[in-house]
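>>> Predicted coordinates and the sequence they were generated for:
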Amino acid sequence: MKKLNKLSIWGKIIGVGLALSVSQHALAQVHEFKLENGMKVLVKEDHRAPVVVSQIWYKVGAGYEHNGITGVSHVLEHMMFKGTPKHPAGEFSRIIAEHGGRENAFTSRDYTAYFQQLEKSRLPISFEMEADRMRNLTLPEDQFKKELDVVKEERRMRYEDKPRSLTHEQFIATAFTSSPYQHPIIGWMNDLDNMQVEDLSDWYQRWYAPNNATLVVVGDVKADEVFELANKYFAVIPAGKVAISKPRLDAPQRGQRRITVSVPAKLPYLVMGYKVPVLKTAAEEWEPYALEVLAGILSGTNSSRFPKRLVRGQQIAAGVDVGYNPYSMHDDLFTIDATPVGDHSVAEIEKAINAQLKLIKEEKVSKAELDRIKAQVVASKVYEKDSVFYQAMQMGTLETVGLGWQRMDEYSAKVKQITSEQIQQVAKKYLLADQLTVAILDPLPLETKPRKKILNIKH
């Protein structure tokens with residue numbers, strides 16, 4: 001879930017100068033290549049430091065899964081570090097660390113990505129090993145069983161033992177009925193319990209191919225040299241027969257949905273969500289940008305309405321946050337979550353939130369408030385571009401969800417064009433009671449004996 005960054009006082013002081021500096025780097029040219037096997041290569045030169053970030057993005061994630069194999073993309077991500085005939089288990093991480101680099105991976109609903117950050121001359125090491133595990137993963141049964149236990153413990157620690165996370169998981173499963181986003185990225189425990197190594201092998205053969213991948217490189221490199229290296233290591237891999245992912249639209253919601261989750265917890269918790277379009281699905285391109293600004297008006301900085309009015313003003317909430325991600329492949333949720341403070345109830349907070357949403361629909365945001373929030377929303381994106389890693393992240397995300405990296409520099413201009421009337425329009429159009437899903441955490445008494453944790457989580 002995307003949350004807007006808070007800007008420090010010092011950040012505001014240096015913001016103008018830094019924004020100008022970063023913008024110059026952000027506008028640097030992106031070089032696009034395509035290998036004969038269909039693999040796309042994106043390179044952006046950034047010569048401020050002698051480092052390079054290499055990321056390989058596969059167009060597959062939890063949103064591609066179905067009942068019975070949920071979590072398979074994430075488990076396969078773990079197993080990608082467990083070796084090939086050339087590089088046995090543990091060698092990948094050891095070699096990267098030996099050369100002073102760092103590496104890891106992440107799975108989302110829309111993609112799975114692997115990255116390394118190294119001194120620039122070490123880029124061939126990254127390419128050689130990524131090309132090797134693209135097609136030569138061994139998937140040994142004993143390693144699979146061990147890693148599956150790690151993933152199941154990760155699920156227990158991060159979801160089942162965390163009341164808020166568990167509530168949010170149930171909330172998502174209630175909000176979506178046929179959308180590919182209904183299932184958790186980590187998978188349902190029943191599916192993990194019944195997962196076989198053959199499930200991973202089938203998934204690997206189906207999706208891990210050069211013609212289903214994008215290689216993104218950002219740093220102190222020369223684009224033509226990167227292309228030569230990519231051609232050397234990746235072009236020899238034959239294109240695969242990638243599965244076709246059919247459209248899976250969520251069924252229309254025809255009324256409010258509400259659930260209560262009763263588990264041992266210290267505090268109650270509220271999460272609300274409305275179905276909204278994203279850049280990939282919006283009929284009107286400006287709507288997702290208006291939703292971004294609306295999220296900033298409501299939450300994200302100390303001057304936003306929820307923290308100003310509900311946290312510090314009415315003092316009924318410990319925190320109220322808004323989440324929205326315009327870079328998904330499918331329609332997503334505009335979420336609001338809150339925790340009451342003192343003797344105040346979830347019902348009081350929900351009523352106060354609805355009052356603020358009603359105000360947004362009835363009264364246009366003032367020019368002063370809109371200009372301030374737009375500046376803060378834009379600044380949060382500008383600061384991200386000061387990092388070569390997040391430049392690569394933005395390119396990889398846009399390319400993999402089907403928007404195209406070419407849209408990476410349009411964000412600021414699009415946000416600045418949003419008007420008060422447009423904010424009011426999206427609020428009236430999408431923040432509707434019949435399109436609302438609500439989940440409430442109703443705390444049970446806490447258990448006296450904590451469950452023993454048995455494994456360390458690395459990836």
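Nice, I can see it.

>>> In three-state terms, label residue 117 for me.
Taking DSSP: H, G, I helix; E, B strand; the rest coil as the rule, one finds residue 117 in the strand state.

>>> was I right about it contacting residue 392?
No: using C-beta atoms under 8 Å, residue 117 makes no contact with residue 392, being 9.4 Å away. (Each C-beta comes from the backbone N, C-alpha and C, glycine too.)

>>> residues near residue 55, how many?
Using other C-beta atoms under 10 Å, the number of residues around residue 55 comes to 24.

>>> If you could redo that for residue 46, that was the one I meant.
Residue 46: 20 surrounding residues under other C-beta under 10 Å.

>>> try residue 365
22.

>>> Return the residues in contact with it.
For residue 365, the contacting residues are 297, 373, 420, 423-424, by C-beta atoms under 8 Å, 6 or more residues apart in numbering.

>>> Secondary structure element for it, which one?
Here residue 365 sits in a region with no helix or strand, counting by DSSP states H and E.

>>> how close does it get to residue 359?
Distance from residue 365 to residue 359, counting by C-beta to C-beta, to the nearest Å: 10 Å.

>>> now swap in residue 388 and tell me
42 Å.

>>> same deal with residue 224?
From residue 224 over to residue 359 the distance is 56 Å, taken as C-beta to C-beta.

>>> next one: residue 273
20 Å.

>>> Between the two, tell me which one has more neighbours.
Between residue 273 and residue 359, residue 273 has the larger neighbour count (other C-beta under 10 Å), namely 25 against 13.

>>> Quick check: phi and psi at the more buried one.
Main-chain torsions, residue 273, degrees, to the nearest 10: phi -150, psi 140.

>>> Where does the spatially closest residue to it that is not a sequence neighbour sit: helix, strand or coil?
Residue nearest to residue 273 in three dimensions, not counting chain neighbours: residue 333, with 4.0 Å by C-beta to C-beta, 6 or more residues apart in numbering. The three-state label given to residue 333 by three-state DSSP is strand.

>>> Count the neighbours of residue 333 for me.
Each residue near residue 333 was counted by other C-beta under 10 Å, and the total is 24.

>>> For it, give the beta-bridge partners.
Legend: beta-bridge partners of residue 333 under DSSP bridges are residue 275.

>>> wait, it sits on residue 271?
No: Residue 333 lies out of contact with residue 271 (C-beta under 8 Å); the separation is 9.6 Å.

>>> buried set for stretch 193-201?
Applying a neighbour-count criterion of 16 or more other C-beta atoms under 10 Å, one finds 195, 197, 199-200 buried in stretch 193-201.

>>> just checking, which of those residues belong to helices?
Residues of the buried residues of stretch 193-201 located in helices (DSSP state H): 197, 199-200.

>>> Can you tell me which of these is closest to residue 68?
Nearest to residue 68, judged by C-beta to C-beta, of those is residue 199 at 8.6 Å.

>>> any idea how far residue 258 is from that closest one?
Using C-beta to C-beta, residue 199 is found at 35 Å from residue 258.

>>> Check residue 62 too.
The spacing between residue 62 and residue 258, counted by C-beta to C-beta, is 25 Å.

>>> quick one, which of the two is more surrounded?
residue 62 (24 against 11).

>>> Next, the contact list for the more buried one, please.
Taking C-beta under 8 Å, 6+ apart, one finds 70-71, 73-74, 107-109, 180, 183-185, 187 in contact with residue 62.

>>> any idea of the pLDDT on it?
pLDDT recorded at residue 62 is 97.

>>> what residues are up against the nearest residue to it once chain neighbours are set aside?
Once flanking residues are discounted, residue 62 sits nearest to residue 185: 4.2 Å by C-beta to C-beta, 6+ apart. For residue 185, the contacting residues are 61-62, 71, 73-74, 107-109, by C-beta under 8 Å, 6+ apart.
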